[in-house]
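Asker: the following comprises the amino acid sequence and a computationally predicted model.
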Amino acid sequence: MAICFHEEKRIFQLDTKNSTYLIGLTPEGYLGHIYYGRKLHKEVNACLLRTAEAPFTPSVNKREKVSFMDSFPMEYPVGGIGDYRESCLNVRNELGQMGCELLYQSFEVYQGKKRLEGLPASFGSEGEVETLEITLADGILGLEAVLSYSVFEKEDIIARSVRVSNKGSESLQLEKVYSACLDMDNEDFEMISLCGSWARERHIQREPLHYGKQSVGSVRGESSHQEHPFIALVTPGTTGQQGEVYAMHFVYSGNFLAQAEINQFDSVRMVMGIHGEQFTWNLSSGESFQAPEVICTYSGEGLSKMSRCFHDFYRNHMIRSVYNHKKRPVLINNWEATYFAFDDEKLLEIAREAKNCGIEMLVMDDGWFGKRNFDDNSLGDWIVNEEKIKGGLKKLVDQVNEIGLEFGIWFEPEMISPDSELYRAHPDWALQIDRREVSMCRNQYVLDLSRPEVVDYVSEAVAEILRSANIRYVKWDMNRQLTDLGSVWLDREHHKELFHRYVLGVYELQERLVTEFPELLLENCSGGGARFDPGMLYYSPQIWCSDDTDAVERLSIQEGTALVYPLSSMGAHISDCPNHITGRITPFETRSHVALAGSFGYELDITKIPEAERQMISGQVAMYHAYNDLVREGDYYRIASYQENHRFDAWAVASKDKGEVLVTYVQVLAEPNKRSRKIRLQGFDEDALYRLEGTEQVYSGEMLLYGGFLVEPMKGDFVSRLYHFVRM
Ligand code: GLA
C-alpha cells in the first residue's frame, strides 16, 4: 500500500519506491506538511510540525492565531486570515471580501486515478497508482477543497491537483487556485529553472534562493519560450549523481507561476499553479473548479535520477498516443527547404529523392491553404490552394503514397489572419478589446477559443481536411502569444476567465482530434518550442523543440528539455547549412547525431544539398532504425554539459537492463595540443564486460563508470562521435 492514514497520530503517509511524504493534522483540523524526502522505513511521527513551539496552535493560544497562520507549514495555504506568505487559494464572498479558512473534513483512498475533467492529466491502472483525496472545507463560505495525491510508487512520482466546489448558497469568486504547495525548512536550497527565448528555449538556469520570492511564470497565454512550468529546489553541491532534489512540473499549457519563497523563519514555500494575474473564476452555488495537475518528485540521488523518473513517468502515464512506444517514421519537412515557395511538383521532387534515401514521410508545412504565400494572410481558411497543389490535396497525397512515403500536414488552427475569408465573415471571432486595434504578432490575431462555436468551426475545418486524404501526421502550430484579452461574447464578470477558457478550448480541440483520429501522429509546436509542456504531451507524443535547428544550439536546448522530458518527445531535425538562424556550418554527421537524441527527421531541400551529404542520408536513416528503440525507451544519463563547460557535450542512453549503452560525444571547440579527453561514463552495469561496437575493444563496466573512457582526439570544431557498447 502506497498510502496509509495513521489514525491515532493523525498522519497521512505516502510512500513511493524511494521517497516518503507525510501530512499531519492539528487538533483544530489544519493540514500541515511534515516531511518529504528519502524513504522512511520505521515508525513516523509529527514532530517536525512544530506545534509544540510558540505560537502553538490556535486552540492552545488563540491570542496568536495570526502568528500561527504565518508560520505553520501549510499543506494548502489560503489568503486573507493571517498567512502572509504566498497563498494558494484566494476567495472573495458575495460582498467582495477576501478570506477563507480550510479545515479538515474527511479523506478517501482508492486504487487508480480519476480523470480531471476538461484537462490533460496523468493516468494509470489500479495496480499502478493509488490516490488519496483529502477534503477540506470553509464552513462560512460553504466552500470545499479536495486535495488529490496520486502516488505512482514505481516512478517515485506524486501527481497533485485540487478541486474547489461551492457547496454554499452565495456566489464566490476564486482569485487564485494553485495546484500544489510544498512548505519545508530551507536547506540552503538553490533553484533550477528552464529559461530562454525564441530559438533559445529551455536553457538551464540555477540560482541560490534568497529571502523573499523567486519565481518563473508566464502571462502570455502559453507556457512560453521564455520560462517553463518547472522548478527544482536542490541542496548545495547537487550534481547529476548526488544531492537532494525537489521538483515540480505543471501539466498545463497556459499562464503559470512556479515560485519559491523564503520567509522570516527560514522556511521555504514552493508553489505551482495557474498564474494569479488576469485570473478570476466565478463559482456559483453548486459549481466546481478543477485546477490542473502538478507532477512532484523527490530524488536523493541528484538530477539524473530526477530526469529518469520524469521520463519513465511521462512515457508510462502521460503520453497516450499509440506512437508512444513505437518508432516514428523518419520524416522530411519542407519548411526550411522552401518556406512558402512550393507547389505540388516541388513536393513530389522532394518526395522522390527522399524515398531514394530511405525517408518514410513527407510533411507539407505552412503555405498550402487559402492564398498563403507569406505569413500575412489566410490563417483560418483551411482550404487547399489549388494554384499550388494542382488537382487538390487527395491527388497530392495519393502521389506521395505511390512514391512510397506517408504524408503529413501543418495547421495553425488557433489563429486568424486579418486578411482571410474567415475574418471577413467573423471579425468578432478574434480576441479583441472594445474600440482598440488588435495588437499584431506575426501578422495574425488569435481566435477566441473560449467560444464554443469557434471551437466547433476549427475542429470541423481540421477534421474535414484529415478526412479528405490519407494523412498520417499533423504538425499543430501556434505562432503567437495572446494579447487583447477581450471576447465579444463574455460579460464583464467572466472576462478574467478568458485565459483559462482559451486553454480549455485548445484542450477540447486536441481531444476531439485524437479521439476521431487515434492513429494520427500529432506533433505540437508553437513558433518552435513555446508550448512544450506536459499538457501538450498528453495529446502528442512529440513536440517541436525549437525553430533553431543548429546542432550546437540544439545541445543546450535539448539538454534543458531532456532534464524533464523523454528524448522521444523532442522534435529534432537535420537541417541545411549554413544554418538559417545562426549561419553556423556544422558537419552533416554531427547534425544527425544530435537529431538522433530526438524524434529524428530532415528539414532541408534534399534535391539541392551537396551530393556527399545526400549519400549519407540512407546511412543515417539506418542508424536511426538501429538505435531508436534504445533512445526512445532507455534511461538517459547526462555526462557533460556544453552549456556549463563551453567546449564539449556528452550524454548516454542505456537500455533498462544495461545490456547496451549508446554514448554521444560532441566536441564543440577543438583545443590544440591536448591529450585525449577522459570522461566518466554512466548507465553501465559495473559487474559486466562490454564490447565497443565496431572494434575488438572490451571494457569493464566498473572501469567506464569509475575510471572513465578516453575519447579519441579529434580535429575540428563541431565534430561528434557515437560509441555503442554492448554487454558481452
Ligand atoms: C513556426 C514553426 C516552424 C514552421 C513555421 C511555419 O515557426 O515552428 O517550424 O512550421 O511556423 O510558419
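Answerer: Alright, I've got the coordinates. What you are looking at is a predicted structure, and each value in this text was computed from that prediction instead of being measured. Numbers count the residues shown, from 1 in each chain.
Asker: Leu522 pairs with what?
Answerer: With DSSP bridges as the criterion, Leu522 is bridged to Val474.
Asker: contact partners for Gly99?
Answerer: Counting by CB atoms under 8 Å, 6 or more residues apart in numbering, Gly99 touches 79-81, 91, 93. No exception for glycine: its C-beta is placed from N, CA and C like everyone else's.
Asker: of these, buried ones?
Answerer: Neighbour counting with 16 or more other CB atoms under 10 Å marks 79-80, 91, 93 as buried within the contacts of Gly99.
Asker: sec struct for Ala199, please.
Answerer: Per DSSP: H, G, I helix; E, B strand; the rest coil, the local secondary structure of Ala199 is coil.
Asker: quick one: it and Ala595, what's the gap?
Answerer: Distance check for Ala199 against Ala595: by CB to CB, to the nearest Å, it reads 16 Å.
Asker: so those two - more neighbours on which side?
Answerer: Per other CB atoms under 10 Å, whichever of Ala199 and Ala595 has more neighbours is Ala595, with 25 against 18.
Asker: any idea which residue of this protein lies closest to the ligand?
Answerer: Asp366 (3.5 Å; CB to the nearest ligand atom).
Asker: per-residue confidence at that residue?
Answerer: Per-residue confidence (pLDDT) for Asp366: 98.
Asker: what is the neighbour count of it?
Answerer: Asp366 is flanked by 20 other residues according to other CB under 10 Å.
Asker: secondary structure class for the closest residue to Ala530 other than its chain neighbours?
Answerer: The shortest distance from Ala530 to any residue other than its chain neighbours is 4.4 Å, reached at His225 (CB to CB, 6 or more residues apart in numbering). Here His225 takes the coil state, with states given by three-state DSSP.
Asker: please shift the residue numbers so they start at 45 in all later answers.
Answerer: From this message on, residue numbering opens at 45, which makes the last subject His269.
Asker: all helices of the stretch 595-744 of the chain, in order?
Answerer: In the stretch 595-744 of the chain, the helices defined using DSSP state H, counting those that start in this stretch lie at 595-606, 632-640, 655-677, 686-689.
Asker: and these: which comes nearest Asn429?
Answerer: Ranking the helices of the stretch 595-744 of the chain by proximity to Asn429 (CB to CB) places helix 655-677 first, at 29.3 Å.
Asker: how about the closest one as CSV, C-alpha atoms only?
Answerer: The C-alpha coordinates for helix 655-677 follow below in CSV (Å, rounded to 0.1, in the frame of the first residue of the first chain):
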residue,chain,number,x,y,z
GLU,A,655,25.8,15.1,-53.2
ALA,A,656,28.2,13.8,-50.5
GLU,A,657,25.6,14.7,-47.8
ARG,A,658,22.7,13.2,-49.8
GLN,A,659,24.7,10.0,-49.9
MET,A,660,25.0,9.9,-46.2
ILE,A,661,21.2,10.0,-45.6
SER,A,662,20.5,6.3,-46.0
GLY,A,663,23.2,5.5,-43.5
GLN,A,664,21.7,8.0,-41.1
VAL,A,665,18.2,6.5,-41.5
ALA,A,666,19.7,3.1,-40.8
MET,A,667,21.4,4.5,-37.7
TYR,A,668,18.0,5.8,-36.6
HIS,A,669,16.5,2.4,-37.0
ALA,A,670,19.3,0.7,-35.3
TYR,A,671,19.2,2.9,-32.2
ASN,A,672,15.7,4.3,-31.9
ASP,A,673,14.3,1.6,-29.6
LEU,A,674,17.2,2.3,-27.2
VAL,A,675,16.9,6.1,-27.4
ARG,A,676,13.1,6.0,-27.2
GLU,A,677,12.8,3.6,-24.3
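Asker: in it, what counts as buried?
Answerer: Neighbour-count burial for helix 655-677 flags 657-658, 660-661, 664-665, 667-668, 671-672, 674-677 (criterion: 16+ other CB under 10 Å).
Asker: which one of the residues you listed sits closest to Thr626?
Answerer: Glu657 (18.3 Å).
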